[in-house]
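# Test case, fold it:
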Amino acid sequence: MSDRTAGSLVSLLRLLQVLLTFGAFLTAPLDCALAAERRPIAPLRVAVYDLPPYGAVGADGALSGVSVDLWRRVAEELEWEYKLTPVSQMESILSGLEQGHFDAAIGAITITPEREARVDFSYPAHRSGVAVALRKETGPLLAVVSYAMVAADLGSLIVGMLALLLLLSVVIWLIERPGRSGAEAPEDSVVNLRDGLYWAVVTMTTVGYGDKTPKTPLGRLVAVVWMLSSLVLVSFLSASLVSRLTAERVQNSGIRDESDLRGKKLAAVAQSSSAEYLDGLHLKYEKYDNLTEALASLANGRSNAVVNSEGALRFLVAARFAEVILVPRVLLAPAYMAIALPEHSPLKKPIDRALIKITASPEWKSVEDRYFGR
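Below is the predicted model of the structure:
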């Protein structure tokens, strides 16, 4: 190898070394930024809005809930350390994020325009909506009226069953009547139309006293067919009555859209997303410190309806007010809940990536089903 060739190789190696050094210098800030994004230096201060089933303090002092479970999965995915702090008031959470006391906030935090003006939000964590709770109307008179209205709706079915009942009465009388009239007929025989009608009714209702029974082979064959048919007819009528009564209760709940709220004594949690929703409709409502107090006012008759986010409303009603309060399956407005962050937070992008990955998994859907009883 000549001196000129050796010198060229040395120069090329030196140039390559310089390029590698310069490339390492350029990528070092990016690597540091990614490392800082994944692992904050100090444990994150995370506020938990104290409202089950999203986040609540248990009897042992531990925090649990669907939002807490989701945050733990996010933190595990990003290898972040954190400290959870329960907070009972939404305003304390929002002001804490604004003043830098918290790095993030989780729980039943609905995305609203008013809150968006103060803090940032992550990719949606939970689907929700504005729902309403109503007091159950009970009493014997209401039950009788509801039953009568449903029976009227099923009038054609009931008339058809009565006609079939009368037809079977005539058939069984005609079959059993020959040779059975007069004093020679046993007392339990069907000897007239009145006996036939009595037997058909008793058989259809599955009472079966046995004081009137067919004696002829053909009559007994008809009896067997009528017994089996009666089971089907009575079951069908019972199922129709139950389904109509259930549908009638839902339809008569009085709340189908926001216009049905007008003229009612409404209750909502102060500073909640539902309160903002009612403010947007310019509706008057009584403010309460928490959802339990609002539902208690409904149970005691001090209000006609409680407006709140669906998940928390259904959970608390099922847990404590199921006997006196119902939640119709009507959403007044769709809504989404997310992790709240300080404005321009560097945590937003990594949290979004983790949320998209976790919430799309079948495993997470099963977790949500367990919390919300779907």
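# With adjacent residues omitted, what lies nearest to Tyr198?
Spatial nearest neighbour of Tyr198, excluding adjacent residues (Cβ to Cβ, 6 or more residues apart in numbering): Lys212 at 6.0 Å. The C-beta positions use only the backbone N, C-alpha and C, and glycine is treated the same way.
# residues in contact with that neighbour?
Applying Cβ atoms under 8 Å, 6 or more residues apart in numbering, we find Lys212 in contact with 188-190, 195, 198-199, 202.
# one more time with 6 Å
188, 190, 195, 198-199 (Cβ atoms under 6 Å, 6 or more residues apart in numbering).
# Now do the SS call for it.
Put simply, Lys212 is coil when judged by DSSP: H, G, I helix; E, B strand; the rest coil.
# Please report how far the residue lying closest to Met204 once chain neighbours are set aside lies from Val202.
Closest residue in space to Met204, ignoring its immediate chain neighbours: Ser230 at 4.1 Å, by Cβ to Cβ, 6+ apart. Counting by Cβ to Cβ, to the nearest Å, the gap from Ser230 to Val202 is 10 Å.
# circling back: count of residues packed around the residue nearest to Met204?
20 (other Cβ atoms under 10 Å).
# From Tyr49, how far off is it?
Applying Cβ to Cβ to Ser230 and Tyr49 gives a distance of 57 Å.
# a helix runs through Tyr336, doesn't it?
No - read with three-state DSSP, Tyr336 is strand and lies in no helix.
# and it, what pLDDT?
For Tyr336, the pLDDT comes out at 95.
# Any idea what it is bridged to?
Tyr336 has the following beta-bridge partners by DSSP bridges: Arg127.
# Could you double-check that it lies in contact with Thr112?
No - Tyr336 lies out of contact with Thr112 (Cβ atoms under 6 Å); the separation is 9.9 Å.
# Show me the strands in this protein, by range?
For the chain, strands defined by DSSP state E occupy the ranges 44-49, 56-57, 63-64, 82-87, 104-106, 120-121, 126-135, 266-269, 286-288, 305-309, 325-326, 333-337, 340-341.
# closest one to Val171 among these?
Counting by Cβ to Cβ, Val171 lies closest to strand 325-326 out of those; the figure is 46.8 Å.
# tally of neighbours for Val132?
28.
# Just the CA trace of stretch 72-81, in CSV.
As requested, C-alpha coordinates have been extracted for stretch 72-81 and formatted as CSV (Å, rounded to 0.1, in the frame of the first residue of the first chain):
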residue,chain,number,x,y,z
ARG,A,72,-51.8,2.4,37.7
ARG,A,73,-51.6,0.7,34.4
VAL,A,74,-50.5,3.9,32.7
ALA,A,75,-47.8,4.5,35.3
GLU,A,76,-46.6,0.9,35.0
GLU,A,77,-46.5,1.3,31.2
LEU,A,78,-44.4,4.5,31.5
GLU,A,79,-42.4,3.3,34.5
TRP,A,80,-43.4,6.3,36.5
GLU,A,81,-43.5,6.7,40.3
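# Pull the contacting residues for Gly100.
Going by Cβ under 6 Å, 6+ apart, Gly100 touches no other residue.
# gap between the residue nearest to Tyr198 and Asp195?
5 Å.
# quick one: the spatially closest residue to Arg118 that is not a sequence neighbour from Glu323, how far?
The shortest distance from Arg118 to any non-neighbouring residue, by Cβ to Cβ, 6+ apart, is to Leu94 (5.5 Å). Here Leu94 is placed at a distance of 35 Å from Glu323 (Cβ to Cβ).
# These two: which has the busier surroundings?
When Leu94 and Glu323 are compared for neighbours, Leu94 comes out ahead with 21 against 9, by other Cβ under 10 Å.
# Can you list the low-confidence ranges for the stretch 201-350 of the chain?
208, 246-254 (pLDDT under 70).
# if I pick Tyr277, what's in contact with it?
Val130.
# One more pass at 8 Å, please.
Applying Cβ under 8 Å, 6+ apart, the residues near Tyr277 are 130, 307, 332-333.
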